[in-house]
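S.K.: requesting a structural model of the entry that follows:
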Amino acid sequence: MRKTAESERNELAAVTVPRFALAVLLVAAVLTGVFAQAPSATPPTGSPDKRGIGVQTSGSTNTSQSEQAAREAKPELVLQTGYNNFFGATRFVFSPDGRLLATTTFRSSTVKLWETSSGRELRHLSSGTQSAMGMSPFIAFSRDNRLVAAAAGDNSVKIWDVVSGRELQTLAGTQGSMASAIAGVFFIAFTPDGRVVTISDAIRIWDAASGQELRSISLKTLGPSALMGGEGGAAITPDGNLLAFVVSDGSRPQVKVWDLATGREARALNLPDKEIASIELAFTPDGRLLVSGIVDKRLRLWDLSGKGNERELTPTVTDHGLTKFSRDGRLLAFAEGYTVKLWDLATLRELPALNAPHSGLLASQVGVFTNFSEDGKRLATGGFGTPTILWETETLKQLVKMSGRTNMSYEVAFSADGTRLSSGGRTRWDLRAGRGSRLTAAPSDGMFGLPSPDGKLLATFTMNSNVLTILEVPSGRQLQRLAPASGGGVIQRVNFSPDGAMLLTTYGPNPEQQQQSSITNPGGNENQLKIWDVKSGRELRSIALGLGGASKAGFNSDGRTMATLGAMGQISLWDTESGSRIRDLTSLPLGNFGSLANPASVTPGSINPGAIMNPGSIKPGSITMPNMTDMSAMMTNMMGAMSAGTMGQTVTSLAFSPDGRTLATGGVESKSNFDMAAMMSGAMNQGKKPKKQPTREPQDFMKSMKVEAIGQVRLWDVASGSEVGALKGHGKGVTEVAFSRDGRLLASGSTDNTIRIWDLATKRELRTLTGHTSNIESIDFSPDSRLLASAADDGGTFLWDTNTGEHLATLISLDEGGEWMVVTPQGLFDGTPVSWSQILWRYNQDTFNVAPIEWFFNEFYYPGLLSEILAGKRPRVAQDVSRKDRRQPVVKLSLAG
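M.R.: This next block holds a predicted model:
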């Protein structure tokens, strides 16, 4: 097999590439640039990162100089996957010289660095775990363009060298406090003299070179941007001496200005209105302090530099939006929906508006995100269902489109014989043949699909719809159209029974219905579970789920029992035949908020498009989509703990064992020092205190409250309903659980971006799998338990060796599903010719020193790569390419005479 693959590889490299892929490679050469740039000098400080020939990583390790030199001589494979067709970039920061654009997105710790001139994706950096709020990590470049920093989920900030990608420092803030856990780091800025300013539970000033904390300024109040995870609310002067920050004591917002050299508050400026949404601050080069915000659905602008003048710019459709000032204070951008309005602040003249293209999937719930380049000449836009685009602000001309062609990966599942793998709704992987193929010929724009267990059917639906369509695979012929006869809810979750004969579908209110039912009908008639006969299209059963509906639901192995995870934390077992409730395993008041927020989790396996906490508030400028696994535990402690030390338990995922006797539920267990009794006693005795004794504000409780979160898996006996075991080890909430087919092993995925494999007989953790940098959507074992597949929000599907924990390959579906790519960490790849343009080679670990795929095509192209991995082989690079340099010579012409 290896000899055949090798000969095929050589033949294809010699013949097929020129004939079938020449056009693709020529286009790739134009887009990526044929000539590598000269290597840039890399600062010697910091720990070198662990790299070889293969997919780039961002970890660091201590190695010898010889090892480092050898590694630097080898090319690295850089994937140009961008963002998938649903989760787009939601935070943008240009480097001061405008050469790079750094982007992040929700529920991910990845920072992507893009070349603004070409749109090439040059490097990925991982800041660690996700934040509790699921916020897009905040990012900043140093003023000399050499460093980039990003917030991590543990209230820390990581700093990397831009050229080499080496992690140089970790700036660690306070750990464990409720305030820092909820808000995290929500502001980062470099000063011209090399300091780093961060805001979380305190304002902290750091030395970027040493990582030493120079000063900490306590905050009495956190402000709305901290608690809501919104944009804006803080600004630093161009010279780095003053910091302005919006705070609120409950009566009206204030802008406080601190002298960063002394740590003293320089002044406090009251804003004129009590309720101002989507606040943005900016210092102009001439020293003015500008504030924008929305009051009574009107966008307003204030100059707080002694003039106090106020201007009303435009009415708004909602109470929230995203405002951004250009760094020179010349322009203001206001994003609402997918429209960006622009103003010239010198004249207050409204400029032509910009309309960002979008898929329409979430048009009623979210909108476009935006930011200016340093010189104000370019504007970046992006978000959910819209690509990242760079625009020229003067003409509104599209300069560069940084499109992501990667499809979403979710509901990963091996076939019964282990020869096929499904992940997402567009590509089916034939593991034996070693290739991907398009699931159906049906149009897939805006569609979410779930294959049946035998792969012959595809259940599809679209956002905010109650219609489920059954398609034949691969023809795309429509077999059934399933729509409830009563109830106006929208589809939240879809599951086939193990034999594929039935479909379980949960429904919930659409955004408009949710706003209305929260007041008029808290129970929610739209919260239903229906069981359909797939062959006839007949509705077999309908179950009213009541308040909040169900965030998760699924069949057991024989399809006779169902389990649901209610929005308020209750785990219920149901008889499929009768629709009657068998028992509740738990009934935890306010124990789970998992179905109350997350419009971006729209996948058949994990998403809840119809159940949103506040559809009107999911805007770029107001609130982010929480990792509800972690947020639920915090809220449990805040609302349910009556004495210090009380444990809060939250459930967010479930799975039946193969024999149906055990139910595993994943979530988080947390312990807090919050003492409700003490707080109530203090409130009752408030009037008895001496007048001079200071009153403790509610924010003080938030800042002093400590939280210890432990991800856990609980095991339940289905027959008796009793708990029979617990698996603890994840540092954050468990989002996914899966049993092996023989019932011996269990895998759990977490918001700490790790997967753990457990031995169920001993309740012992066998190994931890690391490599994902975004939310893990789904996991599944191969029938023989040798492999584990995991799907994540970034569109990648990982294959793991369960015996060693080795990451074997990444599977990527592109476009309509017929284009695909398989890449190993060592740099070997296989895929369709169209997918080859997604690969670049990096030289000497230099972010900017890259070349197109053809320069090392022969050495790393490996036909049948996926099939050999399935067969248990572990292909490696056959020859040492460290001394090969195929960069094209630069020809200089001179005329004599």
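S.K.: next one: the residue lying closest to Leu746 once chain neighbours are set aside from Ala664, what distance?
M.R.: Nearest residue to Leu746, sequence neighbours excluded (Cβ to Cβ, 6 or more residues apart in numbering): Trp758, at 4.7 Å. For glycine as for every other residue, the C-beta is placed from the backbone atoms N, C-alpha and C. Distance, Trp758 to Ala664, using Cβ to Cβ, to the nearest Å: 10 Å.
S.K.: for Thr284, same thing?
M.R.: Applying Cβ to Cβ to Thr284 and Ala664 gives a distance of 56 Å.
S.K.: mind checking the pLDDT average for stretch 383-393?
M.R.: Mean per-residue pLDDT for stretch 383-393: 92.
S.K.: residues of that stretch that come out buried?
M.R.: Neighbour-count burial for stretch 383-393 flags Gly383, Phe384, Gly385, Thr386, Pro387, Thr388, Ile389, Leu390, Trp391, Thr393 (criterion: 16 or more other Cβ atoms under 10 Å).
S.K.: quick one, which of Thr284 and Ala664 is more surrounded?
M.R.: Set side by side, Thr284 and Ala664 show more neighbours around Ala664, with 24 against 20, by other Cβ atoms under 10 Å.
S.K.: got the contact list for Val467?
M.R.: Going by Cβ atoms under 8 Å, 6 or more residues apart in numbering, Val467 touches Phe461, Arg481, Leu482, Ala483, Ile491.
S.K.: right, and the pair among the residues you listed with maximum separation?
M.R.: Greatest spatial distance among those (Cβ to Cβ): Arg481 and Ile491, at 12.8 Å.
S.K.: which SS class is Gly827?
M.R.: What DSSP: H, G, I helix; E, B strand; the rest coil gives for Gly827 is coil.
S.K.: dihedrals phi and psi, it?
M.R.: The phi and psi values for Gly827, taken as degrees, to the nearest 10, are phi 110, psi -10.
S.K.: so how far is Gly404 from it?
M.R.: According to Cβ to Cβ, Gly827 and Gly404 sit 21 Å apart.
S.K.: now Gly128
M.R.: On the measure of Cβ to Cβ, Gly128 and Gly404 end up 23 Å apart.
S.K.: Ser216 too?
M.R.: From Ser216 to Gly404 the distance is 39 Å (Cβ to Cβ).
S.K.: repeat for Gln570
M.R.: From Gln570 to Gly404 the distance is 38 Å (Cβ to Cβ).
S.K.: more crowded one of the two?
M.R.: Each of Gln570 and Gly404 has its neighbours counted (other Cβ under 10 Å); Gly404 has more, 23 against 20.
S.K.: could you verify my assumption that that one touches Leu79?
M.R.: No. The pair formed by Gly404 and Leu79 falls short of the contact definition of Cβ atoms under 8 Å, at 11.0 Å.
S.K.: what's the neighbour count on Asp328?
M.R.: Neighbours of Asp328 (other Cβ under 10 Å): 16.
S.K.: could you look up the SS state of it?
M.R.: Under three-state DSSP, the three-state class of Asp328 is coil.
S.K.: just give the nearest non-adjacent residue to Leu769, would you?
M.R.: Ile755 (4.1 Å).
S.K.: now do the strand or helix carrying the one you found: everything it contacts.
M.R.: If you go by DSSP states H and E, Ile755 is part of strand 754-759. Under the contact criterion Cβ under 8 Å, 6+ apart, strand 754-759 has outside partners 713, 727, 729-730, 744-750, 764-770, 772, 776, 779, 788, 790, 800, 802, 805.
S.K.: what average pLDDT does that strand get?
M.R.: Mean pLDDT, strand 754-759: 96.
S.K.: what does the host helix or strand of Ala266 rub up against?
M.R.: Using DSSP H and E, the element containing Ala266 is strand 264-270. Strand 264-270 is contacted by residues Leu242, Arg252, Gln254, Val255, Lys256, Val257, Trp258, Asp259, Leu289, Leu304 when judged by Cβ under 8 Å, 6+ apart.
S.K.: for the second one, give me its contacts.
M.R.: Listed by Cβ under 8 Å, 6+ apart, the contact set of Arg252 reads Asn270, Leu271, Asp273, Lys274.
S.K.: out of the residues you listed, who's the most crowded?
M.R.: Within those, most neighbours by other Cβ under 10 Å means Leu271, with 21 neighbours.
S.K.: surely that one is in contact with Val255?
M.R.: Yes. Counting by Cβ under 8 Å, Leu271 does reach Val255; the two are 6.5 Å apart.
S.K.: between these two, what contacts are shared?
M.R.: Here Leu271 and Val255 share the contacting residues Val246, Val291, scored by Cβ under 8 Å, 6+ apart.
S.K.: about what we covered before: so which of the contacts of strand 264-270 belong to strands?
M.R.: If you go by DSSP state E, the contacts of strand 264-270 have Leu242, Gln254, Val255, Lys256, Val257, Trp258, Asp259, Leu289 in strands.
S.K.: looking at those residues, which is nearest Ile279?
M.R.: Distances from Ile279 to the ones in strands among the contacts of strand 264-270, taken by Cβ to Cβ, are shortest for Val255, at 8.7 Å.
S.K.: which strand residues bridge Glu167?
M.R.: Beta-bridge partners recorded for Glu167 (DSSP bridges): Trp160.
S.K.: perfect, I'm done here.
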